[in-house]
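>>> A predicted structure for the sequence below; I have some questions about it.
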Amino acid sequence: MRSLIARTALAIAATATVASAQVEVFSVLTSDQEVGPAANSSGSNGVGFVEIDFDGNGVDAEITAEFNLQVNDGTEITRIHIHNAPAGQNAGVVVFFFDVIAGLDPAAIPVPEGGQIELEFTTTIDASLAQQLIDTPDQFYFNVHTDAVPAGETRGQLGNVASEELIPSRLTSDQEVGAAANSSQSRGNAEAEISFEEGIAEIEVDMRLFINQGTEITRIHIHNAPAGSNGGVVVFFFDVIAGLDPTAIPVPVGGQLDLSFETEIPAPLALDIATNPDQYYFNVHTNAVPAGETRGQLGNFPTAFPRADLNRDGIVSYADVDEFVARFFEER
C-alpha cells in the first residue's frame, strides 16, 4: 500500500550503491528559496530534474538536467549550477551546467517574452559526487542566475519533490465550517496525484463521493486553509458557477458517484501542497449547500481501507454487503 506521500524518486535513490543505472531526482525551484545576497521577491519558479547515468566504470557519471522555468525579473540567464548546501544556506558550485560569467559559454541565454523557457544540459561529473547527489539530494540545490539577480533568481533543493506525490483525503460534512456547516452526512474519499514528470506540475484527483442532500454538484476545488478555517480557492477542478464548465454534475439515485479531474498548477503551489497538505482541503459544493456540502483536509487519513470496506466510503456498513453482492453477480 502506498504511503501518505509517496517519494518514488527518492525511493529509487535510496540504494546504497549504483553500479550501472539511471537515477532521476526532481526539484521545484522558487525565488523564496534564495537566501543571503540572492534573496529576492521575483516570484520566478520552475521544475527541474537531473538524470544521473552511471556508465559502470566507477570513475565518471553523465548528468543531464532539464528545466521548465518561469523567469520574471531577468532578461538573460547567465549561469545555471548545482551548489552544495542544505536549504537556507549558500555554498560553492559543484556542477556547472551553463556559465557565461566563468567563460564556459559564449553568450547568455535570452529570456523570451512572458518569461517561460525550457532548457536542457548534459555534462560529466565524478562518480563519487554523483553518488552524493543520489544519497543526500537535500544537501544540494539548483541555482539559476540572471542579469537582474546575479546571485540567483530562483533556486530549488534537489529531491524536494518526487516524480509524483500521492495525497489522500477523507471528506465528511462535519469538516465544513462557517457558512458551509451542515448536517447532510455527505462523505467521500479522494486521492490527489501531483506529477512533475513532464517538466510541469500537474494535479490529478480521483474521488468517490456519497452525496445525501444536493441533487447537483456545482463546484469542486482545493482551498488553502487548515482544518477549522475557510480559505480561498487555489485549484479549480470543476465550476459551473464561475463558468468554467457548462453544466452541473447530476447526483444519481443513492448519491454515489466517482469523479476524476486533471489540471496544471503553478510549480510553487504544487510544492507547497506536497509538503504542507494539511494546509489545504477539498471542497465539494452542491445546489443544496452552495458553500460546500462535504470537505476533506488533504492528507487527513492513510490510503489503506479496512478490508471489509468494499465500496471505499470510509465506513463498514450494510452498503458493503450490497457492494459484495453486486461484485458477485458481475463475476458470474
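Perfect, I can see it now.

>>> can you pull out the low-pLDDT segments for this structure?
Within the chain, the ranges that satisfy pLDDT under 70 run 1-21, 56, 198, 302-332.

>>> can you do 50?
Residue ranges of the chain with pLDDT under 50: 1-19, 304-305, 307, 328, 332.

>>> what does residue 274 show for phi and psi?
Here is the backbone geometry of residue 274 (degrees, to the nearest 10): phi -70, psi -40.

>>> next one: residue 268
Backbone torsions for residue 268, taken as degrees, to the nearest 10, come to phi -60, psi -40.

>>> residue 45 is in contact with that one, correct?
Yes: assessed by CB atoms under 8 Å, residue 268 is found in contact with residue 45 at 4.9 Å. The C-beta positions use only the backbone N, C-alpha and C, and glycine is treated the same way.

>>> intersection of neighbour lists for those two?
Common neighbours of residue 268 and residue 45, using CB atoms under 8 Å, 6 or more residues apart in numbering, are 28, 30.

>>> and those two? Which one has more around it.
Taking other CB atoms under 10 Å, residue 268 and residue 45 do not tie; residue 45 has more neighbours (28 against 21).

>>> just the helices in the stretch 201-332 of the chain please.
Secondary structure of the stretch 201-332 of the chain, counting by DSSP state H, counting those that start in this stretch: helices at 267-275, 318-330.

>>> contact partners of the first one?
Contact with helix 267-275 is made by 5, 28-30, 32, 45-47, 70, 160-161, 165, 167, 192, 194, 196, 200-201, 203, 222, 234-235, 265, 279-280, 298, as judged by CB under 8 Å, 6+ apart.

>>> narrow these to those in strands?
Judged by DSSP state E, strands contain the following of these: 28-30, 45-47, 70, 165, 167, 192, 194, 203, 222, 234-235, 280.

>>> any idea how far residue 168 is from residue 284?
15 Å (CB to CB, to the nearest Å).

>>> who has more neighbours out of those two?
Each of residue 284 and residue 168 has its neighbours counted (other CB under 10 Å); residue 284 has more, 30 against 21.

>>> so who does the more buried one touch?
171, 186, 188, 207, 209, 211, 217, 219-220, 292-295.

>>> likewise for residue 154?
With contact taken as CB under 8 Å, 6+ apart, residue 154 is in contact with 29-31, 33-34, 42, 44-46, 69, 71, 143-144.

>>> kindly report the same for residue 81.
Contacts for residue 81 (CB under 8 Å, 6+ apart) come out as 93, 94, 95, 96, 97, 99, 142, 143, 145.

>>> kindly report the same for residue 144.
Listed by CB under 8 Å, 6+ apart, the contact partners of residue 144 are 29, 44, 46, 67, 69, 71, 77, 79-80, 152-155.

>>> helix, strand or coil for it?
Of the three states, residue 144 takes strand under DSSP: H, G, I helix; E, B strand; the rest coil.

>>> number the chain from 140, please
Shifting the count to begin at 140 puts that one at residue 283.

>>> show me the strands in the stretch 140-289 of the chain, by range?
161-169, 184-193, 199-209, 215-223, 232-238, 248-249, 255-265, 279-285 (DSSP state E, counting those that start in this stretch).

>>> so what strands line up beside the shortest one?
Pointing back at strand 248-249 there. Paired neighbours of strand 248-249 in the sheet (DSSP bridges): strand 215-223 (antiparallel).

>>> report the angle between the partner strand and strand 255-265.
Angle between the axes of strand 215-223 and strand 255-265 is 40 degrees (criterion: axes from the mean of the first three to the mean of the last three CA atoms, to 10 degrees).

>>> and strand 215-223, which residues are buried?
216, 217, 218, 219, 220, 221, 222, 223 (16 or more other CB atoms under 10 Å).

>>> show me what contacts the last one?
By CB under 8 Å, 6+ apart, the contact list for residue 223 reads 230, 231, 233, 278, 279.

>>> specify the beta-bridge partners of it.
Residue 223 has these beta-bridge partners by DSSP bridges: residue 279.

>>> before we move on, what about residue 331?
Counting by DSSP bridges, residue 331 is bridged to residue 306, residue 344.

>>> tally of neighbours for it?
As a burial measure, residue 331 scores 25 neighbours (other CB under 10 Å).

>>> what of residue 404?
Each residue near residue 404 was counted by other CB under 10 Å, and the total is 17.

>>> quick one: it and residue 341 touch, right?
Yes: with contact defined as CB under 8 Å, residue 404 reaches residue 341; the gap is 7.3 Å.

>>> now for the two: what residues contact both?
By CB under 8 Å, 6+ apart, the residues touching both residue 404 and residue 341 are residue 333.

>>> most neighbours among the contacts of residue 293, please name it.
Most crowded among the contacts of residue 293, counting by other CB under 10 Å, is residue 283 at 31 neighbours.
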